[in-house]
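Asker: generate a structure from the sequence data that follows.
(chains A and B)
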Amino acid sequence: MTSGELEEMIRTHQAEIYRYLRYLGADRTTAEDIIQETFLAAFKSKEGSLAEFELSRRAAWLRGTARNQLLAHWRRRRQYPTDPATLVQQMDDSEILWTSHFLRDGDGFDYVDALRECLDKLPEHQRRPIDLFYTQGKSRQEMAGLLKMTEDGIKSLLRRIRKVLGACVSKKLNIPPAVSPEPQ
Amino acid sequence: MPTPRPQPDRAPDAELQERLLDQLLHEELGSDVPPDLTDRIMMQVRGRQAMARSSRRIGGGFSAGWRAWWLPASLAAVITIAVGLWIRSYTTGGGDYPATVAQGKYTVVGGGEIKPGATLVTAPQQEAQITLGGYATVQIAPDSRLKIMGDGAFKEAVFLEAGEAVSQVERKRGAFAVVTEHLKASVTGTKFSVKVGQELDAKTGEQVRRTTVKVIEGTVDVILPSGTVPLKAGGTMTYPDPAAPPPPGTTTGGSTPPTSQTSFEPVSQIGEVHLIGIISETRQGFVLTERSGRQTVVQTRAERESSGIRFLTGEYVVILRDGKLARAMRVGAAPE
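Answerer: This next block holds a predicted model:
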């Protein structure tokens, strides 16, 4: 692979890999470091035709490499977010959701568009907590003061709203509604 | 074109779906936008390639001590520059790129427009201000000389040949750097001043050209030949350090510029030419290619043997004095 092909590949795929790593639970700094390692690995890869892969196949290769790098990172630091066996299973499930739902149109734009439409339809009492938390970056503690609730109450409220959004997105995209593994 | 996938029939796991939505909401509504790491990664790649080439060229590679110094310094430089650049792809969406705007009293060397490549000179009683990319404002002090170097894509830079410039850069809009013959001060959102000129060396009693960086707000990464030094608000740095000999790796050479009682004498008056561009090795020797495409042989093969300056490939500020290479400062890696 030439450095020009690598540069093109970075520009095309880095946002998706970043999003994917954050979705898997990497913090921002870790995600950035792993993206770098992933593309350096791609550049050094003996698979000389990587740059010629079909876009989705190349993205899958990069996601797989990034995922393994993230696992290795957690292993080195002994900071698994959960026990390793569960984690590997979760990552497999995550990949399924990523490819069959989020990337169902190839690039995730359908999913994001559906989310935007669903956000626009949220009633004020649900939109306000979302704005406070995501747009204004308020902590749960600050929100608790503003909305006169407990921090746990805020946590539950945000989860409920995300669930509403998830159901709305699934409906718009014709995806079966999400299944909760635990009783709510 | 991506291939549409078959309609998914499996219900998503609620927890995973919520996690995905959480990330997308942070991106859509908050500030967790994916960074642009292209420059950071490409500089890593080029740094490794340049090191491999240089190792081969000087026969048998560097000493372990040199390698131990070079790698952390390169990494620091790469990270510093990349952090300044990642915002670019998220700020370039839509609309024309703002033109460079100049106010105040100044002269453009050779006439012409205020645009990348133009050099502005202020006389002793003149002051000017330029705004680059709509986010970086540079106040040019009297008796200064400054060249605009930006590439019009949220990667603005100026080369301060002489005098003083106070820069204010809006956060999260783009990268900005002030380059002098000694260093590169790279920022993404801060206020700082850079002054370059001659001053009396207390030890030797001679006039010495130095650059002083003073940070008023935020943090500035000062990129020196020996590595990168982060400088915080209130911090000041002068290079070469008046209290110490030049650090290892400083590529000084040639004679001291003629002494002058004027603090910041424009370089054109003391027979110097400043060039900024990419150094590459050719049959003739080391050639500097400026952004305009103009090429100058800055060091022939024969001169290389007798010169104290050893080039790597990359972006350099080069000073020719009376047509001869006097100083060189590496300020970045080269595009392939």
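Asker: low-confidence ranges in the stretch 151-300 of chain B?
Answerer: Applying pLDDT under 70 to the stretch 151-300 of chain B flags the ranges B:151-153, B:188-189, B:225-227, B:243-272, B:291-292.
Asker: and the strands in it?
Answerer: Using DSSP state E, counting those that start in this stretch, the strands of the stretch 151-300 of chain B run over B:155-169, B:175-179, B:184-187, B:191-200, B:207-217, B:219-224, B:227-232, B:236-239, B:272-281, B:285-290, B:295-300.
Asker: list the contacts of the fifth one.
Answerer: The reference is to strand B:207-217. Outside strand B:207-217, the residues that touch it by C-beta atoms under 8 Å, 6 or more residues apart in numbering or on different chains are B:160, B:166, B:178, B:180-183, B:185, B:190-201, B:220, B:222, B:231-240, B:242, B:256-257, B:259-260. All C-beta spots, glycine's among them, are computed from the backbone N, C-alpha and C.
Asker: what about 6 Å?
Answerer: Here strand B:207-217 makes contact (C-beta atoms under 6 Å, 6 or more residues apart in numbering or on different chains) with B:180, B:182-183, B:185, B:190-196, B:198-199, B:201, B:222, B:231, B:233, B:235-239, B:257, B:259.
Asker: what do you get for the fourth one?
Answerer: By C-beta under 6 Å, 6+ apart, the residues outside strand B:191-200 that reach it are B:160, B:162, B:164-168, B:178, B:180, B:185, B:207, B:209-217, B:220, B:260, B:263-264.
Asker: just confirm residue A:19 is within a helix.
Answerer: Yes: counting by DSSP: H, G, I helix; E, B strand; the rest coil, residue A:19 falls inside a helix.
Asker: residues near the closest residue to residue B:182 other than its chain neighbours, how many?
Answerer: Spatial nearest neighbour of residue B:182, chain neighbours left out: residue B:211 (4.1 Å); criterion: C-beta to C-beta, 6 or more residues apart in numbering or on different chains. Residue B:211: 23 surrounding residues under other C-beta atoms under 10 Å in any protein chain shown.
Asker: show me what residue B:211 is bridged to.
Answerer: On the basis of DSSP bridges, residue B:211 is bridged to residue B:196, residue B:239.
Asker: helix/strand/coil for the residue in chain A that chain B sits nearest to?
Answerer: With C-beta to the nearest C-beta as the measure, residue A:106 is the residue of chain A nearest to chain B, at 2.4 Å. Put simply, residue A:106 is coil when judged by three-state DSSP.
Asker: ok, of the contacts of strand B:207-217, which come out buried?
Answerer: Restricting the contacts of strand B:207-217 to buried positions leaves B:180, B:182-183, B:185, B:190-196, B:198, B:222, B:231, B:235, B:237, B:239, B:257, with burial counted as 16 or more other C-beta atoms under 10 Å in any protein chain shown.
Asker: now name the helix or strand holding residue A:74.
Answerer: Using DSSP states H and E, residue A:74 maps to helix A:55-77.
Asker: following whichever helix or strand residue A:118 is part of, which helix or strand shows up next?
Answerer: Assigned by DSSP H and E, residue A:118 falls within helix A:109-121. Using DSSP H and E, the helix or strand that follows helix A:109-121 in sequence is helix A:124-130.
Asker: that next one packs against which elements?
Answerer: Judged by 3 or more C-beta pairs under 6 Å, 6 or more residues apart in numbering or on different chains; DSSP states H and E, helix A:124-130 is in contact with helix A:151-173.
Asker: list the buried residues in the helix it packs on.
Answerer: For helix A:151-173, the buried set under the neighbour-count rule, 16+ other C-beta under 10 Å, comprises A:154, A:157-158, A:161-163, A:165-170, A:173.
Asker: got the contact list for the helix holding residue A:74?
Answerer: A:13, A:17, A:20-21, A:24, A:26, A:34, A:37-38, A:41, A:80, A:91, B:2.
Asker: at 7 Å what do you get?
Answerer: Here helix A:55-77 makes contact (C-beta atoms under 7 Å, 6 or more residues apart in numbering or on different chains) with A:13, A:16-17, A:20-21, A:24, A:26, A:30, A:34-35, A:37-38, A:41-42, A:50, A:53, A:80, A:91, A:106, B:2-3.
Asker: and those, which of them are buried?
Answerer: Taking 16+ other C-beta under 10 Å as the criterion, what is buried in those is A:13, A:16-17, A:20-21, A:24, A:26, A:30, A:34-35, A:37-38, A:42, A:50, A:91.
Asker: ok, and of the residues you listed, which contact chain B?
Answerer: residue A:35 (C-beta under 7 Å from any C-beta of the partner chain).
Asker: show me what residue B:229 bridges to in the sheet.
Answerer: Beta-bridge partners for residue B:229, by DSSP bridges, are residue B:222.
Asker: pull up the gap between it and chain A, please.
Answerer: Distance of residue B:229 to chain A, given as C-beta to the nearest C-beta, to the nearest Å: 21 Å.
Asker: that older thread, so how far is the helix or strand just after the helix holding residue A:74 from its chain's centroid?
Answerer: Next along the chain after helix A:55-77, taking DSSP H and E as the criterion, comes helix A:84-97. Remark: helix A:84-97 is offset 13 Å from the chain centroid, using C-alpha atoms, centre = their mean, to the nearest Å.
Asker: send me helix A:84-97 as PDB with only the CA atoms.
Answerer: Written as PDB, here are the backbone C-alpha positions of helix A:84-97 (Å, rounded to 0.1, in the frame of the first residue of the first chain):
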ATOM      1  CA  PRO A  84     -13.300 -11.200  29.600                       C
ATOM      2  CA  ALA A  85     -15.600 -14.000  28.400                       C
ATOM      3  CA  THR A  86     -18.700 -11.800  28.600                       C
ATOM      4  CA  LEU A  87     -16.800  -9.100  27.000                       C
ATOM      5  CA  VAL A  88     -15.900 -11.100  23.900                       C
ATOM      6  CA  GLN A  89     -19.600 -12.200  23.600                       C
ATOM      7  CA  GLN A  90     -20.700  -8.600  24.000                       C
ATOM      8  CA  MET A  91     -18.300  -7.600  21.300                       C
ATOM      9  CA  ASP A  92     -19.600 -10.200  18.900                       C
ATOM     10  CA  ASP A  93     -23.200  -9.000  19.600                       C
ATOM     11  CA  SER A  94     -22.000  -5.400  19.200                       C
ATOM     12  CA  GLU A  95     -20.600  -6.200  15.800                       C
ATOM     13  CA  ILE A  96     -23.900  -7.800  14.700                       C
ATOM     14  CA  LEU A  97     -25.900  -4.800  15.800                       C
END
